[in-house]
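Participant: Below: sequence and its predicted model.
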Amino acid sequence: MDAAVQLVVFDLDDRSYAIPLRQVERVIGAVYATPLPHAPANVLGLIDLHGKLVPVFSARHRLGPQPRPISVEDHFIIIRAAKRTVALVVDHVRELIECSAESIIQPQHILPQWNEVQGVVQIAGNLTLIQDMDRFLSLEEDRTFENALRGQTDHGN
């Protein structure tokens, strides 16, 4: 029997994306993110989540829609990625769906070097990219983020 996969589906403008539910800690309303000097462009800042500093990533910067400032209508998806917990800014969290693992098209079947997504699934007649949050920052962006974060904590900010 085919295993079920649960996905959190979110919107950016008129496009839909998904993240595996197993990586999602919670969804919260957008809050102010403290800017982090020298961070990569897709890191909008930091939030304090129950005493833990969490970087806020711009889904728009990575996924293509025109970047814009965080809005009070946005949502933050709190995600447990391989290296750290992160907040992903999205326009709207739409739904939680369940699909069969067999219905997910593996990215290498579409483009051999496509590493940024875990797969593609059809939802309500539209193709939806399942994001790989462990690869959301490139290696260089991750190094830049770590250096920026070290600079902040070294200065007590």
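Facilitator: Cool, the structure landed. Numbers count the residues shown, from 1 in each chain.
Participant: all contacts plus neighbour counts: C-alpha atoms, from now on.
Facilitator: Will do.
Participant: Show me the contact partners of the helix or strand encompassing residue 25.
Facilitator: Assigned by DSSP states H and E, residue 25 falls within strand 24-29. Under the criterion C-alpha atoms under 8 Å, 6 or more residues apart in numbering, residues 8, 72, 73, 74, 75, 76, 77, 78, 79, 80, 93 lie in contact with strand 24-29.
Participant: got the contact list for whatever helix or strand comes next after that strand?
Facilitator: Next along the chain after strand 24-29, taking DSSP H and E as the criterion, comes strand 43-49. Identification of contacts with strand 43-49 by C-alpha under 8 Å, 6+ apart yields 31-36, 39, 53-58, 145.
Participant: what distance separates strand 43-49 from the middle of the whole chain?
Facilitator: Relative to the chain's own centre, strand 43-49 is displaced by 13 Å; criterion: C-alpha atoms, centre = their mean, to the nearest Å.
Participant: roughly how far out does the helix or strand following it sit from the chain middle?
Facilitator: Downstream of strand 43-49, the first helix or strand assigned by DSSP H and E is strand 52-58. When distances are taken as C-alpha atoms, centre = their mean, strand 52-58 is centred 10 Å away from the chain's centroid.
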